[in-house]
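J.: sequence? don't have it. structure:
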């Protein structure tokens, strides 16, 4: 069986889980505590990061961008990048936006501060960093809402990897109760729609020892 | 004519310039002072970053990863990702390594600290950040040397985007005189080989007001 090394609240792992599920590719999950730097895992990915996908034959594919490119080329039946050059540019632009800009400005300030400091026992997150994260998140929710008002899905008429990347980050932040959805009703409506997809179910069932998500996290009608 | 908005020492712009030149696609360069946040440029790329490629017909493609994916799909004659699934995985893994891990651990600590602080008048770079950058660079040169010892090019037998991504970061650092090539003779040998390619000539001719590169920067026989 195909195997995905992951962490439950890693946005990059979540994006790959959603992409695999949208493409109806069966896989097993294995939690990899990357901070333990297990030699067998470093052999799969010297960058010591999740996700890493291992195909049934043993082919190992590290890094969420590399995995998603591989999945699109190897299993093109349910395309996730759009149909033509224009759509692919817009889809990839938004994936770069969420995995690059949003990650730097929001996820690293909130999610990684809170989780990694907790996991690694490095004390409390810094107040200024957390405040910057919340402030940036409001701006990003505004942009996401603008996209959702003007298009059916974020990159255009069909669901693409752009939606999965955005939802991966937001769902991890939502698990921590960090998303004030009242900032943008259009963003909330988009998130409610993607949350209802079968591919999302496993994410909503995630449990992390010592962390309880808010009541609305797994509520499809929030 | 195809137009590339860039900054001379942006590693991401340099990667795209190398990719365009390797594919023998003619282009003009235009310096974009991204910190001025010119509205016409923000319309091309809301992320306010270079590079942005504009095709002759007006199609705008932002973000170096998006541009490189677009170029590979649109102009496949000189492939830069490798020939089969395995080679593409290794090539993309290394691009992610240099544009992700190397960028975070080295380029952001050295290049961006020095240049952006200078451009934006935000004072002197922090000593601890610079020291961390040099320390990390030694480790990365070791890894690069290991790859160069075991393979003809970084991802395998042929030159790929992995070499261009690595060379883009290292050439920008080398312009600042920040690379101690004596750390790894194998890395130095690989860099001397890529530096001799015609695609590299324009990079070696770059001039930046107020900055003088070290004598070996443009020396093909350094």
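T.: Done, it's in. Bear in mind that the values here come from a model prediction, so they are computed numbers and not experimental data.
J.: Contact partners for the residue most central in space within chain A?
T.: Closest to where the C-alpha atoms of chain A average out (C-alpha atoms, centre = their mean) is residue A:168, at 2.2 Å. Residues in contact with residue A:168 (C-beta atoms under 8 Å, 6 or more residues apart in numbering or on different chains) are A:11-12, A:14-15, A:18, A:98. Glycine gets a C-beta too; all of them are placed from N, C-alpha and C.
J.: and it, which of the three is it?
T.: In three-state terms, and counting by DSSP: H, G, I helix; E, B strand; the rest coil, residue A:168 is helix.
J.: On the pLDDT front, check it for me.
T.: For residue A:168, the model assigns a pLDDT of 98.
J.: same thing with the one 10 residues further on?
T.: The model reports residue A:178 with a pLDDT of 95.
J.: same question, residue A:200
T.: As predicted, residue A:200 sits at a pLDDT of 97.
J.: what does chain A put close to chain B?
T.: Listed as neighbours of chain B in chain A under the rule C-beta under 8 Å from any C-beta of the partner chain: A:45-47, A:59, A:61-63, A:65-66, A:69-70, A:73-74, A:85-86, A:88-89, A:92-93, A:96-97, A:100-101, A:143.
J.: Buried ones in stretch A:147-154, by neighbour count?
T.: By neighbour count with 16 or more other C-beta atoms under 10 Å in any protein chain shown, stretch A:147-154 contains the buried residues A:147-148, A:153-154.
J.: thought residue A:220 was touching residue A:197?
T.: No - applying C-beta atoms under 8 Å as the test, residue A:220 and residue A:197 come out as separate, 10.1 Å apart.
J.: Could you pull up the contacting residues of residue A:115?
T.: Counted by C-beta under 8 Å, 6+ apart, residue A:115 has contacts residue A:9.
J.: buried ones in the one helix or strand it maps to?
T.: Using DSSP states H and E, the element containing residue A:115 is helix A:113-119. By neighbour count with 16+ other C-beta under 10 Å, helix A:113-119 contains the buried residues A:113-115.
J.: what does stretch A:50-58 give?
T.: Neighbour counts over stretch A:50-58 (16+ other C-beta under 10 Å) mark A:50-55 as buried.
J.: Ignoring the adjacent residues along the chain, who's closest to residue A:6?
T.: Spatially, and ignoring its direct neighbours in sequence, residue A:6 is nearest to residue A:13 (3.6 Å; C-beta to C-beta, 6 or more residues apart in numbering or on different chains).
J.: Run through who's touching the host helix or strand of the one you found.
T.: Per DSSP H and E, residue A:13 falls inside helix A:11-22. Identification of contacts with helix A:11-22 by C-beta under 8 Å, 6+ apart yields A:2, A:4, A:6-7, A:27, A:29, A:49-51, A:53, A:63-64, A:67-68, A:71, A:78, A:80, A:99, A:103, A:107, A:111, A:159, A:161, A:164-165, A:167-169, A:171-172, A:197-200, A:202-203.
J.: any idea how far residue A:133 is from residue B:212?
T.: Remark: distance between residue A:133 and residue B:212 (C-beta to C-beta, to the nearest Å) = 40 Å.
J.: These two: which is more packed in?
T.: residue A:133 (22 against 10; other C-beta atoms under 10 Å in any protein chain shown).
J.: Tell me the secondary structure of that one, please.
T.: From three-state DSSP, the assignment for residue A:133 is helix.
J.: Next up, the contacts around it.
T.: Listed by C-beta under 8 Å, 6+ apart, the contact set of residue A:133 reads A:105-106, A:108-110, A:113, A:178.
J.: and the residue lying closest to it once chain neighbours are set aside, how many neighbours?
T.: Setting aside the residues directly before and after it, residue A:133 is nearest to residue A:109 in space (C-beta to C-beta, 6+ apart), at 3.0 Å. For residue A:109, the tally of surrounding residues (other C-beta under 10 Å) stands at 23.
J.: looking at it, residue A:109 is touching residue A:127, isn't it?
T.: No - with contact defined as C-beta under 8 Å, residue A:109 does not count as touching residue A:127 (11.1 Å).
J.: can you pull out the helices in chain A?
T.: For chain A, the helices defined by DSSP state H cover A:11-22, A:39-44, A:64-74, A:85-96, A:113-119, A:127-150, A:161-175, A:185-195, A:201-204.
J.: any idea how far residue A:179 lies from chain B?
T.: Look at residue A:179 and chain B: by C-beta to the nearest C-beta, to the nearest Å, they are 21 Å apart.
J.: the domain parsing of chain A - what is it?
T.: Using automatic domain parsing, the domain ranges for chain A come out as A:3-74, A:85-200.
J.: okay, those domains in TSV with distance to residue B:208 next?
T.: As requested, these are exported to TSV (distance: least, C-beta to C-beta, whole Å):
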stretch	distance to residue B:208
domain A:3-74	30
domain A:85-200	25
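J.: show me what contacts the closest residue to residue A:178 other than its chain neighbours?
T.: In this structure, residue A:178 finds its nearest non-sequential neighbour in residue A:110, 5.2 Å apart by C-beta to C-beta, 6+ apart. Shown in contact with residue A:110 (C-beta under 8 Å, 6+ apart): A:130, A:133-134, A:137, A:173, A:176, A:178.
J.: What does the pLDDT read for residue A:110?
T.: pLDDT at residue A:110 comes out at 95.
J.: again, but for residue A:114
T.: Note for residue A:114: predicted pLDDT of 86.
J.: Correct me if wrong: it contacts residue A:125.
T.: Yes - using C-beta under 8 Å, residue A:114 and residue A:125 qualify as a contacting pair, with a distance of 5.4 Å.
J.: Dihedrals phi and psi, residue A:59?
T.: According to degrees, to the nearest 10, the main-chain angles of residue A:59 amount to phi -60, psi 120.
J.: Identify the residues contacting it.
T.: Residues near residue A:59 by C-beta under 8 Å, 6+ apart: B:85-86, B:89.
J.: So which of those residues is surrounded by the most neighbours?
T.: Counting neighbours by other C-beta under 10 Å, residue B:89 comes out on top of the contacts of residue A:59 with 24 neighbours.
J.: quick one: the residue nearest to that one when sequence neighbours are not counted and residue A:167, what's the gap?
T.: Spatial nearest neighbour of residue B:89, chain neighbours left out: residue A:61 (5.4 Å); criterion: C-beta to C-beta, 6+ apart. When distance is defined by C-beta to C-beta, residue A:61 is 21 Å away from residue A:167.
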